[in-house]
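J.: structure, please.
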Amino acid sequence: MKRTKFEIKLKIYLLDGTTISLCLSLFDWVKYKTKNEAVKMHTLLDYDVHLPSYVNIIDRKTADNKGVQYIPLLKGIVIVANRFYNGFSILNV
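T.: Numbering: from 1, shown residues only. You can find the predicted model right below:
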């Protein structure tokens with residue numbers, strides 16, 4: 001089978017989120033309801049230089065597609081993300 005070379009000429013960014021557990025005594029700005037609290041960090045990673053270009057830290061209860069609305073998504077770039085970021089409000093840039 002012949003393989004076709006596929007090249008993307010636009011800037012590529014990777015978008016992902018992770019949940020970070022917190023220590024109650026160090027992060028007093030988080031509204032704690034239980035002893036096991038966390039924040040969610042959304043990162044926009046520049047694929048070419050392997051460095052984050054933007055980081056957004058929110059409470060853990062916010063859904064991924066709601067937390068990404070604060071990340072600046074520019075026209076003319078390719079964003080690779082998992083299905084949790086799917087939403088028409090995100091695509092309307």
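J.: what about the residue nearest to L15 when sequence neighbours are not counted, neighbour count?
T.: Residue nearest to L15 in three dimensions, not counting chain neighbours: A81, with 4.0 Å by Cβ to Cβ, 6 or more residues apart in numbering. For glycine as for every other residue, the C-beta is placed from the backbone atoms N, C-alpha and C. Residues near A81, counting by other Cβ atoms under 10 Å, number 18.
J.: what distance do you get for A81 to L51?
T.: Separation of A81 from L51 (Cβ to Cβ, to the nearest Å) stands at 18 Å.
J.: quick one: the strands in the protein?
T.: According to DSSP state E, the chain carries its strands in the segments 11-21, 38-46, 51-59, 77-81.
J.: list the contacts for the residue most central in space within the chain?
T.: Computing the C-alpha centroid of the chain and ranking residues by Cα atoms, centre = their mean puts H42 first, at 3.2 Å. Neighbouring residues of H42 by Cβ atoms under 8 Å, 6 or more residues apart in numbering: 15-17, 55-58, 64, 67-68, 71.
J.: so it bridges to which residues?
T.: G17, N56 (DSSP bridges).
J.: so how far is H50 from it?
T.: 17 Å.
J.: same check on Q69?
T.: 25 Å.
J.: who has more neighbours out of these two?
T.: More crowded of Q69 and H50, by other Cβ under 10 Å: Q69, with 13 against 8.
J.: and the pLDDT for the more buried one?
T.: pLDDT, Q69: 76.
J.: separation between it and F6?
T.: Relative to F6, and taking Cβ to Cβ, Q69 is found at 30 Å.
J.: kindly report the same for D59.
T.: Using Cβ to Cβ, we find D59 at a distance of 39 Å from F6.
J.: quick one, which of those two is more surrounded?
T.: More crowded of D59 and F6, by other Cβ under 10 Å: D59, with 12 against 5.
J.: tally of neighbours for the nearest residue to that one once chain neighbours are set aside?
T.: What sits nearest to D59 in space, not counting adjacent residues and going by Cβ to Cβ, 6+ apart, is V39, at 6.2 Å. By the measure other Cβ under 10 Å, the count of residues near V39 is 17.
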